[in-house]
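**Student:** Below is the structure, and that's it, no one-letter string:
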Ligand code: CTP
Ligand code: MG
């Protein structure tokens with residue numbers, strides 16, 4: 001089956017602070033989105049990239065893609081996104097031609113994922129897993145809390161899951177296309193990743209090793225780290 005990557009890039013990036021939409025913020029002088037697109041196109045298996053642009057920025061994103069050198073073998077489509085990440089992903093899925101049987105969903109906010117991680121995800125889907133997520137072990141211990149009754153109040157701890165069994169999940173997440181489309185058509189809860197929708201269908205989701213450089217640029221410090229990773233690569 002052919003493989004396409006859907007890149008949700010329609011978010012504002014509120015946690016990153018004021019400025020352009022997060023996907024269009026520069027990293028090493030190049031928009032974060034362009035890095036993310038290149039990271040997907042770096043895999044020889046990926047022959048189509050669908051970029052889900054900010055609702056009012058599809059034209060700008062199209063021009064950006066035209067202006068940056070991208071591999072010949074990869075096709076590009078730009079569609080406007082929605083109010084939530086979930087809605088943006090669904091709009092991206094709607095734009096997929098029928099011949100794509102495997103779909104990656106990759107955050108524009110993870111511009112530095114190495115191609116080996118992308119390929120490991122695709123390989124696991126090819127081997128028959130309906131849903132595959134790259135993930136890494138946690139450095140911090142995680143506590144489940146009862147959210148504070150009022151801002152600033154201390155929060156009671158409810159539980160401490162065993163850290164060794166926890167994983168921090170990254171993207172690209174890889175799917176059998178029909179499975180992901182069904183998940184998006186069925187699950188209406190608010191979720192923060194696509195694989196959890198497949199879990200809610202009762203289907204198996206598997207984890208493959210992620211990579212520390214696949215971290216998500218979320219807060220200002222993440223941009224500092226991303227610039228440093230890029231500088232190290234360019235040495
Ligand atoms: N995303 C999207 N459409 C939305 C919201 C988010 O396509 N309505 C995308 C973002 O552009 C990003 C990815 O989903 O590439 C992961 O989301 P996140 O890191 O939360 O980005 P933002 O939602 O933009 O950031 P914030 O939550 O801080 O506003
Ligand atoms: Mg968000």
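**Tutor:** Great, that's in hand. Please read all numbers here as calculations on a predicted model, not as lab measurements. Ligands and ions are numbered 1, 2, ... in the order given.
**Student:** Get me the contact residues on this structure for ligand 1.
**Tutor:** 8-15, 22-23, 52, 81-85, 88, 107-109, 216, 218 (CB under 6 Å from any ligand atom). The way it works is simple: take the backbone N, C-alpha and C, and place the C-beta from them, glycine included.
**Student:** among the residues you listed, which ones are buried?
**Tutor:** Buried members of the residues of the chain next to ligand 1, scored by 16 or more other CB atoms under 10 Å, are 8-11, 13, 22-23, 52, 81-82, 85, 88, 107-109, 216, 218.
**Student:** and residue 71, how many neighbours?
**Tutor:** When neighbours are defined as other CB atoms under 10 Å, residue 71 has 14 of them.
**Student:** Confirm that residue 6 sits in a strand.
**Tutor:** Yes: Residue 6: assigned to a strand according to DSSP: H, G, I helix; E, B strand; the rest coil.
**Student:** which residue packs closest to the residue in the chain that ligand 1 sits nearest to, ignoring adjacent ones?
**Tutor:** Nearest residue of the chain to ligand 1, counting by CB to the nearest ligand atom: residue 11, 2.0 Å away. Ranked by CB to CB, 6 or more residues apart in numbering and with sequence neighbours excluded, the top spatial neighbour of residue 11 is residue 22, at 5.8 Å.
**Student:** Surely the one you found is in contact with residue 111?
**Tutor:** No: shown here, residue 22 and residue 111 do not form a contact pair, counting by CB atoms under 8 Å, at 10.3 Å.
**Student:** can you pull the contacts of the closest residue to residue 199 other than its chain neighbours?
**Tutor:** Distance criterion CB to CB, 6+ apart; nearest residue to residue 199, sequence neighbours excluded, is residue 205 at 5.4 Å. Neighbouring residues of residue 205 by CB atoms under 8 Å, 6 or more residues apart in numbering: 129, 130, 131, 132, 133, 195, 198, 199.
**Student:** out of the residues of the chain next to ligand 1, which are inside helices?
**Tutor:** 85, 88 (DSSP state H).
**Student:** Near residue 49, how many residues? Count them for me, please.
**Tutor:** Neighbour tally, residue 49, other CB under 10 Å: 26.
**Student:** and if you look at residue 164?
**Tutor:** Quick note: residue 164 (other CB under 10 Å) scores 7 neighbours.
**Student:** In space, what's closest to residue 223 - neighbours in sequence excluded?
**Tutor:** Nearest one to residue 223, counting by CB to CB, 6+ apart, is residue 217 at 5.9 Å.
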